[in-house]
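> Could you work out the structure for the sequence below:
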Amino acid sequence: MGFLAVALLVLGFQSAPSPVDTVVKRASQYVDDYMRELGSIIGEEQYNQEALWQDEDMRSHKIRSQRARRTVSDFLALPVGAEYIGVRHVRQVDDVTLDPLYRGFWRESFDESTAEGRQQLQKAFTFESTRYNIGDFSRSTNLPTFPLEVLDEGNLRLFTFSKAGEEKIANVQTWKVRFEQRERASLVMTASVGPAERYALSGTLWIEPSTGRVFRAQMNFENIIREYLEMSMDVRFRTDPAVGVLVPSAMEEHYEDKSAKHELFAHADYVNYRRFNSDVKLDTAWSELPKGTTDLTREGDDSYAVKVDVRVVNVEAWVTAGNGTPVTDLSAPDFDIQENNVAQTITNFSPVNTPYDVLLLFDRSGSTQRDWVSMQKAAEGFIASLRPQDRAGIANFDTSYRMLTRWTNTREQLNRTVDGLANGKRPGGTSFYRAVEQSLASELLPVAGRRRALIVLTDGRENGLFNTLFRRGTLLSMKEETPYRQMLDLARRERVPIYIVTISNTGSEVVRLSQFYSREVANDYMAAVAMRLEQLVEVSGGRALFPKTLNDIVPLYSQISRELGSAYSIGYVSNLPAEFQGFREIKLTTRDTHLHVVQSRAGYVAP
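Numbering: from 1, shown residues only. Presented below is the predicted three-dimensional model:
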């Protein structure tokens, strides 16, 4: 077991072992054995989150908003190299059952023979476990086994331990062992979305001194840069007669950003523990499995299986007859697809009548304020043209991400939300990358028998890119811009077509920036924004649309709606050698040569 991205400090105990040191060492050995024991146990997690915001409107009146989410997951421990980490495998989100065949980030194969491969696999598991977190906090520690990592043998040197008293829990006498970090901010917390942040850890462990068993763990997180952040978690363990060992029973969390007046409360219960068997040994090196993408799939109440999948290339297609009439009744055998002139086999196919879940995401930052009324009109037109089987959700963002509706095909509910798009909180900056990540990872739920699409109205002026220009006087390249590459990788994996309608007045923005930088730098900045938007839609299989005037926005949304309503979704697994790098051309045709095909992407760049 190892920290979720902790930088180990070369520190040691300064004196001969004390009674507390002896108990802590005993607990460390217990935790090592315990995590391996959890590797054959599975439980159900029922996790409830509630996020609260207090904002101000344009007249400085207070506005309170709230959002809740409930997930049901399998909780288990999985090996990463020789160590085990806790994993949340989400099955339901807000009573919506997720597609069990869905393939995401953590299912990729990693080379565990290298430290880098193990670290990447651990990050991938972390992504899967935290992707359905809500709120504006970056958090990757909300798993009940995380506090036990303090007792990992490799991490003991990071902390000082002291006895803070004794307490009886479930008729067992425990020591309350207080821990604090020797040096602050050695935990680098990463999450499914957003930037990594450094924290200092402290807290209390309730340890049975004779066995090292841990009955409770309380932990506080201190952000030494943003001191207005307060974060804590409390995990309790109980003996479960069905499996004969201590297991997590409940987890409480509290997060508060006093500056943003934002809080999050979370509570998890853990029930229905049982032993399980696997048709593939979980301690098998992942590099020994067949090449492709690996997935731990639930096969029944008491069995899990490691399965193998490979990366699928997706393309949307629109077919018309010679007179321009849409052709909507084709099936997979009616299409031929080639990659670099090599025939491919269609493995995934969704006909035109397959329903869509479409997320309408609106940029509500200060730089788009003049466009808010157009946002309303565009959303109204799009909702009016939705097919009966389609569902929509509405979200907006500045530096905060707000999901404004649940998924619904009820036009009345959607229209009520649209009516308030031009009102509400005072606008902030533009966290565009994070908003796209949040939409793909957390809101566009993979549901069997449904397709997903993201439509974004934005100027695309990510704060991070501009702030770097402000500090350095020069732009970051795409390779240097880590948050951008993180978003791009997620878009490539999720295979959700992204449509971006830009609302950028390039000329006026160049004039404004030229007051602080050369005109060349200003032009380069606006070109960099456009390039990033175009690359994002290219890897996702969507499109970027550039309205010439605000009046063009509403027709473009109507155009997107018509396209989605008449699109085929086609996927294949490339049979070209993996060594072939660079751009791969996709050519899609129909067997009937009289039909005309328009495809969403001309090709893709092989990673």
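
> now the helices: where do they sit in the stretch 301-450 of the chain?
Ranges of helices within the stretch 301-450 of the chain are 372-384, 411-419, 432-438, based on DSSP state H, counting those that start in this stretch.

> ok, and the helix or strand in the protein with the lowest average confidence?
Least confident element among the helices and strands of the chain, by mean pLDDT, DSSP states H and E: strand 303-309 (a mean of 40).

> helices or strands up against the lengthiest helix in the chain?
Longest helix in the chain, counting residues (DSSP state H): helix 519-540. Under the contact criterion of 3 or more Cβ pairs under 8 Å, 6 or more residues apart in numbering; DSSP states H and E, helix 519-540 touches helix 463-472, helix 482-494, strand 498-502, helix 506-513, strand 543-545, strand 603-606. Just so you know, the C-beta spots here come from the backbone N, C-alpha and C atoms, and that holds for glycine as well.

> Pick out the shakiest of the ones you listed, pLDDT-wise.
Comparing mean pLDDT across these, the weakest is helix 506-513, with a mean of 68.

> ok, back up a step: and the helices of the stretch 301-450 of the chain, which is most packed in?
Mean neighbour count, computed with mean count of other Cβ atoms under 10 Å, is highest for helix 432-438 among these, reaching a mean of 26.

> Flag the shaky bits of the protein, pLDDT-wise.
By pLDDT under 70, the low-scoring segments of the chain are 1-16, 103-110, 184-197, 277-310, 424, 504-511, 607.

> which strand in it runs the most residues?
Using DSSP state E, we find that the single longest strand of the chain is strand 62-80.

> Listing partners with orientation, what would you give for the helix or strand just after that one?
Using DSSP states H and E, the helix or strand that follows strand 62-80 towards the C-terminus is strand 83-93. Using DSSP bridges, strand 83-93 pairs in its sheet with strand 62-80 (antiparallel), strand 96-97 (antiparallel).

> May I see these arranged in TSV, with mean neighbour count as well?
Output for those, formatted as TSV (neighbours: other Cβ atoms under 10 Å):
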stretch	mean neighbour count
strand 62-80	17
strand 96-97	14
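
> looking at those strands, which is closest to residue 245?
For the strands paired with strand 83-93, proximity to residue 245 was assessed by Cβ to Cβ; strand 62-80 is nearest, at 11.9 Å.

> Check the offset of the closest one from the chain's centre.
Mean C-alpha position of strand 62-80 versus that of the full chain (Cα atoms, centre = their mean, to the nearest Å) differs by 12 Å.

> and what of stretch 312-331?
Here the centre of stretch 312-331 is set off from its chain's centre by 32 Å, with Cα atoms, centre = their mean.

> could I have it exported to CSV, CA atoms only?
Taking C-alpha atoms only, stretch 312-331 is exported to CSV below (Å, rounded to 0.1, in the frame of the first residue of the first chain):
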residue,chain,number,x,y,z
VAL,A,312,-12.4,1.8,-29.9
VAL,A,313,-12.3,4.6,-32.6
ASN,A,314,-15.7,6.4,-32.9
VAL,A,315,-17.1,8.4,-35.7
GLU,A,316,-20.5,10.0,-36.2
ALA,A,317,-22.0,9.8,-39.7
TRP,A,318,-24.9,11.5,-41.5
VAL,A,319,-26.3,9.9,-44.7
THR,A,320,-28.5,11.6,-47.3
ALA,A,321,-30.1,10.5,-50.6
GLY,A,322,-29.3,12.3,-53.9
ASN,A,323,-32.1,14.8,-53.2
GLY,A,324,-30.7,15.7,-49.8
THR,A,325,-33.3,13.7,-47.8
PRO,A,326,-31.8,12.1,-44.6
VAL,A,327,-31.5,8.3,-44.8
THR,A,328,-32.2,7.0,-41.2
ASP,A,329,-32.9,3.3,-41.6
LEU,A,330,-29.4,1.8,-42.3
SER,A,331,-27.7,-0.9,-40.2
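
> how close does residue 71 get to residue 269?
The gap separating residue 71 from residue 269 is 12 Å, by Cβ to Cβ, to the nearest Å.

> what residues are shared contacts of these two?
Shared contacts of residue 71 and residue 269 (Cβ atoms under 8 Å, 6 or more residues apart in numbering): 45, 46.

> quick one, the host helix or strand of residue 45 and strand 62-80 angle?
Here residue 45 sits within strand 41-56, counting by DSSP H and E. If you take axes from the mean of the first three to the mean of the last three Cα atoms, to 10 degrees, strand 41-56 sits at 160 degrees to strand 62-80.

> sec struct for the closest residue to residue 46 other than its chain neighbours, please.
Closest residue to residue 46 apart from its sequence neighbours, by Cβ to Cβ, 6 or more residues apart in numbering: residue 269 at 4.9 Å. Put simply, residue 269 is strand when judged by DSSP: H, G, I helix; E, B strand; the rest coil.

> Check whether residue 269 really touches residue 248, as I assumed.
No: taking Cβ atoms under 8 Å as the definition, residue 269 is not a contact partner of residue 248, at 9.3 Å.

> With only the CA atoms kept, save stretch 19-33 in CSV.
In CSV, the C-alpha atoms belonging to stretch 19-33 read as follows (Å, rounded to 0.1, in the frame of the first residue of the first chain):
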residue,chain,number,x,y,z
PRO,A,19,5.7,2.2,23.6
VAL,A,20,3.8,4.3,21.0
ASP,A,21,6.3,3.4,18.4
THR,A,22,5.9,-0.3,19.2
VAL,A,23,2.1,0.0,18.9
VAL,A,24,2.4,1.9,15.6
LYS,A,25,4.8,-0.7,14.2
ARG,A,26,2.3,-3.4,15.2
ALA,A,27,-0.5,-1.5,13.5
SER,A,28,1.6,-1.0,10.4
GLN,A,29,2.1,-4.8,10.1
TYR,A,30,-1.7,-5.3,10.7
VAL,A,31,-2.6,-2.8,7.9
ASP,A,32,-0.3,-4.5,5.4
ASP,A,33,-1.9,-7.9,6.2
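
> Residue 173: neighbour count?
Burial of residue 173 is recorded as 11 neighbouring residues (other Cβ atoms under 10 Å).

> is it true that it lies in a strand?
Yes: judged by three-state DSSP, residue 173 forms part of a strand.

> beta partners of it?
Judged by DSSP bridges, the bridge partners of residue 173 are residue 168.

> now residue 65
Residues in beta-bridge contact with residue 65 (DSSP bridges): residue 53.

> could you check the distance from residue 60 over to residue 425?
From residue 60 across to residue 425, the span is 11 Å (Cβ to Cβ).

> Highest mean neighbour count out of the helices and strands packed on helix 519-540?
Among the helices and strands packed on helix 519-540, highest average neighbours (mean count of other Cβ under 10 Å) belong to strand 498-502, with a mean of 23.
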